[in-house]
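# Output the structure for:
(3 chains)
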Amino acid sequence: MLALDLFVNGLIFGLFYALMAVGLAMVFGVLKVVNFAHGEFYMVGAYTYVLCAMKLNVSPWVALAMAAFAGAALGWTVERLLMRPLYVGYASWSIMKDEYAVVVTFGLSLLLINLVDKVVGPYPYRGPALIETSRFAVGPVMLNGQKLIAAGISAALLVALALFIKRSLWGRQIQAVAQNRLGASLAGIDATRTTSLIFAISGLLAALAGALLAPLINPSPDVGAFPAIKSYVIVVLGGMGSLWGAMAAALILGVLESFFAVYVSYDYRDAFGLLILMLVLIFRPQGLLGEKGREV
Amino acid sequence: MNDARNLWSRRLRTDFRAALSIIAALAVVPLFVSSPYWLGILVVSIYFALLALGWNLLAGFTGQFSLAPAAFAMLGAYATALLDYHLKAPLAIGIPAGILATALLGWLLGRIVLRLKGPYLALTTLSFAEISRVVVGNSHEFTRGDQGLNVPTLMQSRVGYYYLFLAVLLGVLCALYLLMRARAGRFWLAIRDDETGAASRGIDVVRYKTLAFALSCAICGLAGSLYGTFSQLVSPELGLLLQTGLVISMVVIGGMGTLTGPVAGALIVYLSSELLRGVGNIQLIVFSLVVIVFARFFRTGLFGLATGRR
Amino acid sequence: MSLLRTEGLTKHFGGVAAVEDLALSMEEGEILGLIGPNGSGKTTALNMLSGFLAPDAGRAWLAGEEVTRMAPDALARRGLLRMFQMTRVFARISALDNLITAGLARGLTERETQKRADALLEELTLAPVACLDAGQLSGGQRKLLEFAMCFIAPPRVALLDEPFAAVHPVMRETMAAFIRRRNAEGHAFLVVSHDMPIVVELCPRTACMNAGRLIAAGATRDVLKDAAVIEAYLGSGSHA
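The predicted model follows:
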C-alpha cells in the first residue's frame, strides 16, 4: 500500500531530520540565535565519513566515529572562537547580537563550503554503506539496508540524547543554562563550558546525520544547505529551543513531506517546508511546544 | 566622542560627502579604463552597491535584519522581463512596474513580519526569499523556469550603461540622504535602537517599518530590473541566498548603518573578488574569512574604522 | 471631566487575574501615586494604560476621549507618555538626538525641538554629555534623559513606572524637583512606586492595589493608614 510505504519512509527521514535539527534546537535554546553554518556540520560529517572510509581504508563504523568526532571538534571550535562574544562581557553586543550571529555563521558557512570545494573538489563522492544488503521488503514497505540501519542508529542516538539531558549531571546543567544563564552561573555552573558542550553535541549530531546519509545522498560541498533549511523549519515548528518539540516536528515534517512529494508536487517539496515555516512564524511563533516570548 | 561631530546631522553629512566622493571617483574611471570587461565588472559592483544601500536601509538604519534583498532584485528583474515576454511591454513601463511590484511586495512582507524580531524575522524573510526563488524557478510555463528569460536592453553602449547605473546610484544615495536627514530617518534609527521605546515616544512604528520595507525592496527591485536589461538575461539565480549573503557581507565590511559603508563595501568586495579570481579561485574563501574577522573584531566596518567610531 | 479614567479594566493571564475591575481616576494637574505589594498588578495596569497590553474587559478615557485599545504611539501623540522601569533610550545616537527624535515624534518642528531640547538638557544637568551616544551615559543619566524625552513636548499625563528604583539620592532629588516644577506648571503624573517616603512626599492622592484589585484610593495619609492597605503589605511580607 503506497500510503503505508510513504508513511514509513517519511518517519525514517523524520528521524534523520530529527538528528540534524535537535542540535540546532539546543543551540537556539541556549543562545537564542540561529546558527547558519549548521548545515556545514552535516557536510563536514558526511565528508569525514566518506574520506576516512575511502582514503584511510578504515571500516565504515570507524569512519562513522571519526565523523562524529570531527563534528564535535568543529562545534566546540566554532563556539570557542566565534560565539563567545555573544554572552561574555560587552553590553553593546546585545544590540548587535542577531546581526552578529547571522553574519558570522553565514561567513563560516561560506568558508567551509569553499574550503571543502577547493581542497577536496566540487564533485559528489560516494560513501560506502554500513551494510551491504540494499533493497528488501518488510510487509508492504520497501526498505533499504542502509536506510534502516541509519534510522536505527538515529533513533538510538536521540534516545541517548534525551536520557543524557534528563538524567546526567551535564544534561541538567545544560537545562539550567538554557533556562537562565545568569542564574545558572550564580548557582555555580560553568555556563561557558556548558555552552561549549552544547555546541559540540550540536556538531556531533549533525555530523553523524551527514555521515549516516552519505551513502544515500552522495555529498557535494553544498550538501548541507537543504538539511539546514529543514532544520530551521523543524526548530521553529517544534518551538525554538524545545528538544521534544524538535523531535516531534521532525517526524511530522518527514511524513508530511513524503506525502506532499507524491500527492502534490515533487518539485515544490522543499518550498513546502518553508511555507510551513513562514506560516508558523506568522501565526504561532512559539511553535507547537515552545513558550511565548513576553513583551515590555 | 563628546563633541558636536557625533550629532546625527553632522555624522550623516560627513557620511554623504564621503559617498559622493566615491561616486565622483567612479565618474572619471571610464577615462582610464576602456576594457568592456572591466566596465562590466564595475557595473555589477554598482548593482551590488544598490542592493547594499537598499538592504542597509532596512537592516542598518531600521534594524530589520532581512534575508531577502537578492530575492527582491530577482523579483524586480522578473517583473520587467515577464512584462516584456508576455505583453511585449516597453522598458519604459517594465522598469517602473518592477519598482512598483517590489515596493508593494516589500510592503506586504513588512506587514507580515511586523511582530517578529531577530532570528524569527530572519527566518521568515529567508523563507519568503527561498519560496519566491523556487516558485519562479519551477513555473516553467510562466517564467521558463531555470532557463531564464531574455530581456531587451536599454542601449548597446557599455559605457552608457556604466553611467546609467552610476546615475541611479547617485539618485538613490541622494534620496536616502534626504530621507535620513528628515523625520523618517530619525524614526527609523529609533525603531532600530528600541522599538518599544520608539512607540512609547509617539513614533508610528507600523507605518515606518512597512515604509522601510517598501523602500528597501523597491531599491533592490530597481537594481534587479536594471541589471536584467544590462545582462539581457534574468534567471532565478539572481535570488540565490548566496547573493543575499554577498550583499550582507559587503555592508558589514563597509560599515552598517551608514551611506558610504554599503557603497564602499560593495565596490571593494566585488572588485577584490574579481582580482582574486585570477589568483586561483580562492576569492570566496578569502572573502568569507574577511567577513568573519570583520564581524568579530571590526563591527563598524571600514567606514567606521575610517571615522574612528568605536 | 477627569483627565484619565478607567472603568472595569481587567486582564487575565491564563486563569490568573492580574488586574480585576480597575476603576482609576486622575484629575488634570494632579500627582497620583499607585502603590501595592509585588504582584498586585500595578505594572499590568500601567501597561494597559499606556497601550502595551490590550485589556480583556473595561474601558479607559483620556480627557474624555476613549482610548481603550489605542496603540502606545497614538497615546503618546495625545499626550499620554510613559517611562519604563528599565530605562529605554536610543543607545546608538547622541543624547541630544534622542531628544530631537522624541520631539519630532510628538509633532514639533525641528527648530522648536532643538530649542526645547537644549533647555531640557540644561535643566537636567545633561548638557555636558549631550553629544555622547546615549548608550555611553550612566544609568542615572539615562533615566534623566528618558524623563527629558517625555517632556520635550508638554505631556498631558506622564506615567512613571518605579522612577526612583535603584537611583541614588542626589539623582532622586533632581528627579523629584523636576516633577514638582512640571506639576506646578500643570502637568499630571501617575507614579507607580514601592518607595513610600517618595509617595508621601510627592503624591497628595494615592491608590493602592492588591491582587489585581483597587483596595483603597484617596488622600495619601489616609490610604497609608487604611487597614486593608496595611494588611496587603504586611500579609505579603513587603515593607510598609
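# C:Ala165 in helix, strand or coil?
Classification of C:Ala165 by DSSP: H, G, I helix; E, B strand; the rest coil places it in coil.
# ok, it - contacts?
C:85, C:193-195 (CB atoms under 8 Å, 6 or more residues apart in numbering or on different chains). Backbone N, C-alpha and C define where each C-beta goes, glycine included.
# Now intersect the residues you listed with the helices, please.
Among these, no residue falls in helices (DSSP state H).
# From those residues, list just the buried residues.
C:193-195 (16 or more other CB atoms under 10 Å in any protein chain shown).
# Among the contacts of C:Ala165, which one sits closest to A:Ile189?
C:Gln85 (28.2 Å; CB to CB).
# right, and the closest one touches C:Leu160 too?
No - using CB atoms under 8 Å as the test, C:Gln85 is too far from C:Leu160 to be in contact (9.3 Å).
# Got phi/psi on C:Leu214?
Main-chain dihedrals, C:Leu214, degrees, to the nearest 10: phi -80, psi 120.
# roughly how far apart are C:Leu190 and chain B?
14 Å (CB to the nearest CB, to the nearest Å).
# Heading C-terminal from the helix or strand harbouring that residue, find the next helix or strand.
Counting by DSSP states H and E, the element that carries C:Leu190 is strand C:188-192. Sequence order places helix C:196-202 as the next helix or strand after strand C:188-192, per DSSP H and E.
# Which residue would be the closest one in the stretch 51-200 of chain B to chain C?
B:Gly197 (3.5 Å; CB to the nearest CB).
# Neighbouring strands of the strand holding C:Leu190 in the sheet, and parallel or not?
strand C:31-35 (parallel), strand C:157-161 (parallel) (DSSP bridges).
# Can you list the low-confidence ranges for the stretch 151-296 of chain A?
For the stretch 151-296 of chain A, residues meeting the criterion pLDDT under 70 lie at A:182, A:240-241, A:286-296.
# Please name the residues that touch whichever residue of the stretch 201-310 of chain B sits closest to chain C.
Taking CB to the nearest CB, chain C has its nearest neighbour within the stretch 201-310 of chain B at B:Gly202, 3.6 Å off. Going by CB under 8 Å, 6+ apart, B:Gly202 touches C:73, C:76-77, C:102, C:105-107.
# Show me where chain B has its helices.
B:8-28, B:36-56, B:69-87, B:91-112, B:118-138, B:140-143, B:158-181, B:183-193, B:195-200, B:205-231, B:241-254, B:260-277, B:283-297, B:301-307.
# ok, is the fifth one in contact with chain A or not?
Same thing as helix B:118-138. Yes - legend: contact between helix B:118-138 and chain A by CB under 8 Å from any CB of the partner chain is shown at B:118-120, B:122-124, B:126-128, B:130-131, B:134-135, B:138.
# from what I can see C:Asp73 touches B:Ile203, true?
Yes - the pair C:Asp73 / B:Ile203 is scored as a contact, 5.6 Å apart, by CB under 8 Å.
# can you list residues touching both of the two?
Between them, C:Asp73 and B:Ile203 share these contacting residues under CB under 8 Å, 6+ apart: C:Ala105.
# out of these two, which sits in the busier spot?
B:Ile203 (28 against 21; other CB atoms under 10 Å in any protein chain shown).
# list the contacts for the nearest residue to B:Phe142 once chain neighbours are set aside?
Spatial nearest neighbour of B:Phe142, chain neighbours left out: B:Leu82 (7.5 Å); criterion: CB to CB, 6 or more residues apart in numbering or on different chains. Each residue near B:Leu82 by CB under 8 Å, 6+ apart is listed here: B:142-143, B:149.
# max-length helix in chain C?
Chain C, longest helix under DSSP H: helix C:169-184.
# Who are the packing partners of that one?
Applying 3 or more CB pairs under 8 Å, 6 or more residues apart in numbering or on different chains; DSSP states H and E, we find helix C:169-184 packed against helix C:139-151, strand C:188-192, helix C:196-202.
# just so I know, which of the ones you listed lies nearest C:Ala227?
Taking the helices and strands packed on helix C:169-184 one by one with CB to CB, helix C:196-202 is closest: 16.6 Å.
# Tell me how far C:Asp226 lies from B:Leu42.
78 Å (CB to CB, to the nearest Å).
# Kindly report the same for B:Leu105.
29 Å.
# residue boundaries of the helices in chain C?
C:42-49, C:72-77, C:95-105, C:110-123, C:139-151, C:169-184, C:196-202, C:220-225, C:227-235.
# could you say what helices and strands the third one packs with?
Meaning helix C:95-105. Partner elements for helix C:95-105 (3+ CB pairs under 8 Å, 6+ apart): helix B:183-193, helix C:72-77, helix C:110-123, helix C:139-151.
# Take the ones you listed and lay them out in JSON lines including distance to B:His86 and mean pLDDT.
Output for the helices and strands packed on helix C:95-105, formatted as JSON lines (distance: least, CB to CB, whole Å; pLDDT from 0 to 100):
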{"stretch": "helix B:183-193", "distance to B:His86": "36", "mean pLDDT": "95"}
{"stretch": "helix C:72-77", "distance to B:His86": "43", "mean pLDDT": "93"}
{"stretch": "helix C:110-123", "distance to B:His86": "48", "mean pLDDT": "92"}
{"stretch": "helix C:139-151", "distance to B:His86": "53", "mean pLDDT": "89"}
